[in-house]
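Engineer: Model the following, please.
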Amino acid sequence: MRAYYTSIDFLRGIAALLVAFFHFTHHHSIHGTLLDENDWVYKLGHFGQYGVHLFFVISGFVIPYSMVKHNYSIRKIGKFLLKRVTRIEPPYLMSILWVLLSGIGFAIYLGNDIVLEWKRIALHIGYLIPFSEEHWFNDVYWTLAIEFQYYILIALTFPLFFHRKQFIRTVALGIMALFPFIGGDGFLMAYTPIFGLGIVGALVQLNKITRSSFFFWVAVFFGAILFFKGGIIAGITLVTLFVIVGMHIKTKGSDFLGKISYSVYLTHGELGGKFIYFLLPFCPASSIQSYLLLIGAILFSIFGAWIFYLVIEAPSKRLASKIKL
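Structural biologist: Here you go, the predicted model:
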């Protein structure tokens, strides 16, 4: 069993930057837009939104692979979920606090009333926004809810995917591919084929299925993603899987970006987004200045996320590592 797949850090870094690139190129506020809609960089930025699907494939692979490595069994479900919550929750909660404080600051800046929506805040803490009519404070939070639903699902169904009987594995994977028929775009069911790609990648790398079974299930999940999500997402997720299992990518830059990717993902709106907001009045749309502003927003987001990682995320990682399965 390999200790680590180095291409995962590279993919995490790329995924986080893609999402940030999408939000920055499509920035619009009371000051206007950063880029015109017919600008080629604006059109290119549209593809950045698919970075979230890279994260789903990565989680589909990494989580069960790690569970096998730590001899997971259903009796360890409490420790497993506690470990995941300890790892992801402190940065998430601190980013919510950051958004709230930023909102208060903007209200004061614009001379508006300060309004704290306590129900909406409470629903964020348990990733319960999809079960209500409220909206996320930050556009990226919806994916964290999907991820958390996946943690619960894999914790409960892990013995089925890794069962010694092929029939049991087949039924579990088949249901995973067909879940989107249930619907619910804001819920895990709509994305299970993407996570499923990662799971079959873990299965073949752990020698739990043959290579012929691997390619069969890859075709099944690829077809499901193609049917439910379209060709672009199907292609991107397929490439992501094969990069994970078939490529060795390790540089100081990719290691660094992979390490801070979660922090970049959580904070780029409050860092690069605000950077653009305040400087946009001095930059005509789709001008040289706007392109430089875009680059500056990305660099500022990376720097700020690094600080956030050191102060908030790294301690939560260390604490989570002390919880043994």
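
Engineer: Flag the shaky bits of the stretch 101-250 of the chain, pLDDT-wise.
Structural biologist: Within the stretch 101-250 of the chain, not a single segment meets pLDDT under 70.

Engineer: Spell out the residue ranges of the helices in it.
Structural biologist: Secondary structure of the stretch 101-250 of the chain (DSSP state H, counting those that start in this stretch): helices at 118-125, 141-161, 166-178, 192-205, 211-229, 231-246.

Engineer: Go ahead and name everything in contact with the first one.
Structural biologist: Read that as helix 118-125. 93, 96, 100, 128-129, 131-132, 134-137, 141 (Cβ atoms under 8 Å, 6 or more residues apart in numbering). All C-beta atoms are positioned from the backbone trio N, CA, C, and that covers glycine.

Engineer: now do 6 Å
Structural biologist: 96, 129, 132, 134 (Cβ atoms under 6 Å, 6 or more residues apart in numbering).

Engineer: Residue 218 versus the residue located most distally from the centre of the chain, what's the distance?
Structural biologist: Most distant from the centre of the chain: residue 111, at 35.0 Å, with distances by Cα atoms, centre = their mean. As judged by Cβ to Cβ, to the nearest Å, residue 111 and residue 218 stand 56 Å apart.

Engineer: Same question for residue 68.
Structural biologist: Taking Cβ to Cβ, one finds residue 68 at 19 Å from residue 218.

Engineer: again, but for residue 254
Structural biologist: Residue 254 is 25 Å from residue 218, by Cβ to Cβ.

Engineer: Residue 311 now?
Structural biologist: Residue 311 is 40 Å from residue 218, by Cβ to Cβ.

Engineer: Looking at these two, which one has more neighbours?
Structural biologist: residue 218 (18 against 12; other Cβ atoms under 10 Å).

Engineer: what's the spacing between that one and residue 6?
Structural biologist: Residue 218 is 21 Å from residue 6, by Cβ to Cβ.

Engineer: Likewise for residue 72?
Structural biologist: On the measure of Cβ to Cβ, residue 72 and residue 6 end up 23 Å apart.

Engineer: Comparing these two, which shows the higher neighbour count?
Structural biologist: With neighbours defined as other Cβ under 10 Å, residue 72 and residue 6 compare such that residue 72 has more, 21 against 17.

Engineer: Distance of that one relative to residue 296?
Structural biologist: Residue 72 is 44 Å from residue 296, by Cβ to Cβ.

Engineer: got it, and residue 168?
Structural biologist: 53 Å.

Engineer: With residue 185 instead?
Structural biologist: 34 Å.

Engineer: Residue 272 too?
Structural biologist: Relative to residue 296, and taking Cβ to Cβ, residue 272 is found at 8 Å.

Engineer: So if I had to pick from those two, which one is more boxed in?
Structural biologist: residue 272 (27 against 15).

Engineer: isn't that one right up against residue 297?
Structural biologist: Yes: between residue 272 and residue 297 there is a contact at 3.5 Å, judged by Cβ atoms under 6 Å.

Engineer: between those two, what contacts are shared?
Structural biologist: Common neighbours of residue 272 and residue 297 (Cβ under 6 Å, 6+ apart) are residue 24.

Engineer: What count of nearby residues applies to residue 156?
Structural biologist: With other Cβ under 10 Å as criterion, residue 156 counts 11.

Engineer: Now do the strands in this structure.
Structural biologist: 28-29, 32-33 (DSSP state E).

Engineer: Mean neighbour count, these: which tops it?
Structural biologist: strand 32-33 (a mean of 15; mean count of other Cβ atoms under 10 Å).

Engineer: ok, that one: who's next to it in the sheet?
Structural biologist: strand 28-29 (antiparallel) (DSSP bridges).

Engineer: Need the residues that contact the partner strand.
Structural biologist: By Cβ under 6 Å, 6+ apart, strand 28-29 touches residue 277.

Engineer: Now do that strand, average pLDDT.
Structural biologist: The pLDDT scores in strand 28-29 average 86.

Engineer: And it, how far out from the chain middle?
Structural biologist: 24 Å (Cα atoms, centre = their mean, to the nearest Å).

Engineer: Near residue 81, how many other residues are there?
Structural biologist: 14.

Engineer: Could you check how far it is from residue 148?
Structural biologist: Distance from residue 81 to residue 148, by Cβ to Cβ: 9 Å.

Engineer: can you check residue 136 too?
Structural biologist: Counting by Cβ to Cβ - residue 136 and residue 148 are separated by 13 Å.
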